[in-house]
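Colleague: Sharing a model prediction with you, sequence too.
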Amino acid sequence: MRRGVMYGMMAGALWGTVFLVPRLLPDFAPGRIAAGRCMMYGLVSLAAALPIARRLWAKLTRADLVALASLALVGNVVYYLFLTAAVHRVGIGPTSLIVGVLPVTVTLAGRRDHGAVPLRRLVWPLLLVVAGIVCINVDVFAGGAGTTAAADGVLGKSIGVACALGALATWTWFAVENARFLHRNAHFDGNEWSVLLGIVTGALGAGLWLATSALPAGMADAAPQADARWHVFWLLNVGLAVGASWLGNGLWNAASKRLPLTLSGQMIVFETLFALLYGFIYDARLPRPLEAAAIMLLVAGVMWSVQRHSGVRIEAPALDTSTGTPAH
């Protein structure tokens, strides 16, 4: 249980970086950014798979391939398309807030799974999480400093909010289905599954790159890119591929193996907290009172939920029985 919580926190710290990259690349289209990240993730995963390729191939089944394709498409490609488009249109703050509802949506979606704590025992922890998200929303939408919206007008902001809701929906589905698959299928450890997921994601990203490259000039990106901007583009995407995608997903799989869905859903709140932290660092400022209150409420809700799960036993095998840690 403690290791699962630790892995979930570490995954959140890495995933928080995905909100910064679209802000740093406003002149690149969402499809281009998503495709670049996915392709780099695929290359990193392919390199990691080479030493264990024979073992992976022997384990792989047709059902695994179907699951990998659906999870990679929805949870990596489509999710990041939505998230990038939302950050471009309404900024990091509102996007991270809407996606920050994930602890609630995943917990509710997994409430009927084996090992889940009855929902009535989680009401108060969930209310603290919701209260924290409300505090952040009040601060941001009341015009707090540092919140930006790339698009002007009601239509542009509405599209941005819709994209953020799309990111919320796709990641809720991914988190639930990925955890369920790992609990049902013990023949892959977390690192192996992350590597396979990355390879399939890379193939899908390559297809998306070809599609965006075929768009007319001016649609693929906001403007022609100088060589220096392409260097930044690829460096950032390599960083996301190694950190947020490969290592982050491996840590999340390790957490999913050890925690019931009602608790693993709570761990996703750390993605929001770290995204906000990175935003504070990027803006060179401290949290405002409502932001500080939100952080305390979110952390308190998660810790209370952990306490509620203290008696739950998970029968799924550990990620690595020899070391208890993910092999990187």
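Modeller: That came in fine, so what should we check first?
Colleague: Quick check: phi and psi at G100.
Modeller: Main-chain torsions, G100, degrees, to the nearest 10: phi -70, psi -10.
Colleague: Can you get me a residue count around it?
Modeller: Neighbourhood size, G100 [other C-beta atoms under 10 Å]: 25. To be clear about C-beta, it is placed using only N, CA and C from the backbone, and glycine gets the same treatment.
Colleague: quick thing: my sequence starts at 518, can you match it?
Modeller: Yes, from this point I'll number from 518; that puts the last item at G617.
Colleague: Secondary structure element for the residue nearest to it when sequence neighbours are not counted, which one?
Modeller: Computed as C-beta to C-beta, 6 or more residues apart in numbering, the closest residue to G617 that is not its neighbour in sequence is T789, at 3.6 Å. Assigned by DSSP states H and E, T789 belongs to helix 786-800.
Colleague: Next, the angle from the helix ranked longest in the chain to helix 786-800.
Modeller: What stands out as the longest helix in the chain, according to DSSP state H, is helix 671-701. In terms of direction (axes from the mean of the first three to the mean of the last three C-alpha atoms, to 10 degrees), helix 671-701 departs from helix 786-800 by 140 degrees.
Colleague: for the nearest residue to T534 once chain neighbours are set aside, what are its contacts?
Modeller: Distances taken as C-beta to C-beta, 6+ apart place A761 nearest to T534, at 5.3 Å, with adjacent residues excluded. Counting by C-beta atoms under 8 Å, 6 or more residues apart in numbering, A761 touches L531, W532, T534, V535.
Colleague: TSV for the residues you listed, including secondary structure?
Modeller: Shown next, in TSV, are those (DSSP: H, G, I helix; E, B strand; the rest coil):
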residue	secondary structure
L531	helix
W532	helix
T534	helix
V535	helix
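Colleague: Quick one: those residues as a markdown table, columns for neighbour count, distance to T729 and pLDDT too.
Modeller: Listed next are those as a markdown table, based on neighbours: other C-beta atoms under 10 Å; distance: C-beta to C-beta, whole Å; pLDDT from 0 to 100:
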| residue | neighbour count | distance to T729 | pLDDT |
| --- | --- | --- | --- |
| L531 | 23 | 26 | 93 |
| W532 | 25 | 24 | 89 |
| T534 | 18 | 22 | 92 |
| V535 | 25 | 19 | 91 |
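Colleague: Now distance to L590 too, for those residues, in CSV please.
Modeller: Below are these laid out as CSV (distance: C-beta to C-beta, whole Å):
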residue, distance to L590
L531, 21
W532, 18
T534, 22
V535, 17
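Colleague: Out of those, the closest to R802 would be?
Modeller: T534 (18.7 Å; C-beta to C-beta).
Colleague: Report the contact partners of that closest one.
Modeller: By C-beta under 8 Å, 6+ apart, the contact set of T534 is G756, L757, G760, A761, F791, Y795.
Colleague: tell me which residues in stretch 637-655 are buried?
Modeller: Residues L639, P642, L643, L645, V646, V647, G649, I650, C652, I653, N654 are the ones in stretch 637-655 that count as buried (16 or more other C-beta atoms under 10 Å).
Colleague: In space, what's closest to L585 - neighbours in sequence excluded?
Modeller: If the residues on either side of it in the chain are set aside, L585 comes closest to V717, at 4.6 Å by C-beta to C-beta, 6+ apart.
Colleague: is it true that F705 touches L713?
Modeller: Yes: contact criterion C-beta atoms under 8 Å: F705 and L713 qualify, at 7.2 Å.
Colleague: Give me the common contacts of those two.
Modeller: Counting by C-beta under 8 Å, 6+ apart, the shared contacts of F705 and L713 are D581.
Colleague: any weak-confidence spans in the protein?
Modeller: The model of the chain has pLDDT under 70 over residues 628-634, 654, 657-658, 660-671, 707, 733-742, 778-779, 781-783, 823, 826-845.
Colleague: if you set the cut-off to 50 instead, what comes out?
Modeller: Applying pLDDT under 50 to the chain flags residues 662-669, 830-845.
Colleague: circling back to that earlier point, got the angle for the next helix or strand after the helix holding T789 vs helix 786-800?
Modeller: Per DSSP H and E, the first helix or strand lying C-terminal to helix 786-800 is helix 806-825. Inter-element angle recorded for helix 806-825 and helix 786-800: 150 degrees (by the same axes, to 10 degrees).
Colleague: Quick one: distance of helix 806-825 to the chain centre.
Modeller: Remark: helix 806-825 is offset 19 Å from the chain centroid, using C-alpha atoms, centre = their mean, to the nearest Å.
Colleague: Show me the contact partners of that helix.
Modeller: Counting by C-beta under 8 Å, 6+ apart, 518, 522, 620, 634, 638-639, 641-646, 648-653, 655-656, 661, 779-780, 783-784, 786-787, 789-790, 793, 804 sit against helix 806-825.
Colleague: quick check: angle from the strand or helix carrying Y524 to helix 806-825?
Modeller: Under the criterion of DSSP H and E, Y524 resides in helix 519-532. Relative orientation of helix 519-532 versus helix 806-825 (the same axes, to 10 degrees): 150 degrees.
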